[in-house]
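# Have a look; sequence and predicted model below, questions after that.
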Amino acid sequence: MGDPRVPEGREARATAASYAPPVGDLQALAERISECRRCERLVAWRETVATEKRAAYRDEDYWGRPVPGFGDPAARVVIVGLAPAAHGANRTGRMFTGDRSGDWLYGALFRAGFASQPTSTHRDDGMVLSDAFVTAPVRCAPPSNRPMPAERDACREWFTAEMELLERLRVVVALGAFGFAESARWLGLSPRPAFAHGAEVIAPDGPTLLGCYHVSQQNTFTGRLTEPMLDAVFTRARQLAGH
């Protein structure tokens, strides 16, 4: 029997393609993540976006590379999204930074006491997270925000390595069905729980998985996700983390 937190087939994949070997700390892992060129479609898309740019950002230098996680290495609460936004994290190089989704997320983290400021605009804006870490299962901006299954699977080694370095982890807040499914897989939950806003599932070895609607404009503009709903999720995360 393998470790229940190891994704299915991980040992076989690691033997066949050990492109994400174990590292000693998150900074070393972040450097390796940012150099990845494994998925040709995603590499082409992220670099095309970084070259053509959006008119509003035409004078900026885009990151245009895979985006590592961001936050407190001693975090007890981890927020898992989907993938970098083309003109958000793909531009700034920090998860959920530089777009409206990030405004919602970091605003909520600030109100909950996890973030030092309510907005995250660029990598050098002074943002500090306390007891929280923000990441995603896919590290490159995908066309139409939809990674292919093979791209998701190719990126899973990075996600697994990062999560396993967060040794104090107690709560995983998954934003959307994609992040929820990948988090459930990593946690070894079987059968896989169905995603729902407010869903709460305890993993076999202790961490709790919380479901939350994604902070996408599709959800926030339509009112499917409201600030009180988002705040309630992070209030519950604080409780579960032992605050």
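Sure, I can see it.
# When you work out contacts or count neighbours from here on, use the C-alpha atoms and nothing else.
OK.
# biggest helix in the protein by residues?
If each helix of the chain is counted by residues according to DSSP state H, the longest one is helix 149-165.
# partner strands of the following helix or strand past that helix, parallel or antiparallel?
Stepping forward along the backbone from helix 149-165, the first helix or strand reached (DSSP states H and E) is strand 171-175. According to DSSP bridges, strand 171-175 forms sheet pairs with strand 77-80 (parallel), strand 208-212 (parallel).
# Include mean pLDDT, mean neighbour count and distance to residue 44 when you put these into TSV, please.
TSV is the format used below for these (pLDDT from 0 to 100; neighbours: other CA atoms under 10 Å; distance: least, CA to CA, whole Å):
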stretch	mean pLDDT	mean neighbour count	distance to residue 44
strand 77-80	98	26	24
strand 208-212	98	25	31
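# Reformat the ones you listed as CSV; add distance to residue 149.
Rendered in CSV, the data for these read as follows (distance: least, CA to CA, whole Å):
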stretch, distance to residue 149
strand 77-80, 17
strand 208-212, 21
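# Figure out which of the ones you listed is closest to residue 225.
When those are ranked by distance to residue 225, counting by CA to CA, first place goes to strand 208-212 at 8.7 Å.
# List the contacts of that closest one.
Taking contacts as CA atoms under 8 Å, 6 or more residues apart in numbering, the residues outside strand 208-212 that touch it are 170-176, 180, 183-184, 195-203, 230, 233, 237, 240.
# what about this protein, any weak spots by pLDDT?
Scanning the chain with the threshold set as pLDDT under 70 gives 1-24.
# Which stretches in it count as helices?
Under DSSP H, the chain gives helices at 10-16, 26-33, 40-52, 89-92, 100-111, 149-165, 176-187, 217-222, 227-241.
# buried residues in the fifth one?
To tie it back to what came earlier, the one meant is helix 100-111. Using 16 or more other CA atoms under 10 Å as the test for burial, helix 100-111 gives 101-110.
# Closest one of those to residue 216?
In terms of CA to CA, no member of the buried residues of helix 100-111 lies closer to residue 216 than residue 101, at 5.3 Å.
# Run through the residues that contact the closest one.
With CA under 8 Å, 6+ apart as the criterion, the residues that contact residue 101 are 215-217.
# now residue 53
In this structure, residue 53 makes contact with 62, 87, judged by CA under 8 Å, 6+ apart.
# switch to numbering from 40
Let's use 40 as the start, then, which means that last one is residue 92.
# how close does it sit to residue 143?
23 Å (CA to CA, to the nearest Å).
# ok, now which ones touch the closest residue to residue 216 other than its chain neighbours?
On the basis of CA to CA, 6 or more residues apart in numbering, the spatially nearest residue to residue 216 that is not a chain neighbour turns out to be residue 234, at 5.6 Å. With contact set as CA under 8 Å, 6+ apart, residue 234 has these partners: 215-216, 219-220, 250.
# Next one: residue 234 from residue 140, what distance?
Distance check for residue 234 against residue 140: by CA to CA, it reads 20 Å.
# Please apply the same query to residue 255.
The value you get for residue 255 to residue 140, if CA to CA is used, is 5 Å.
# hang on, the earlier thing: redo the helices of the chain as CSV? Include distance to residue 122.
Compiled in CSV, the helices of the chain are given as follows (distance: least, CA to CA, whole Å):
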stretch, distance to residue 122
helix 49-55, 21
helix 65-72, 13
helix 79-91, 11
helix 128-131, 9
helix 139-150, 12
helix 188-204, 10
helix 215-226, 9
helix 256-261, 15
helix 266-280, 19
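# Determine which stretch of the ones you listed is the most buried.
Burial of those is given as mean neighbour count (mean count of other CA atoms under 10 Å); helix 128-131 ranks first at a mean of 28.
# Roughly how far does residue 153 sit from residue 276?
11 Å.
# can you check residue 243 too?
As for residue 243, its distance to residue 276 is 18 Å (criterion: CA to CA).
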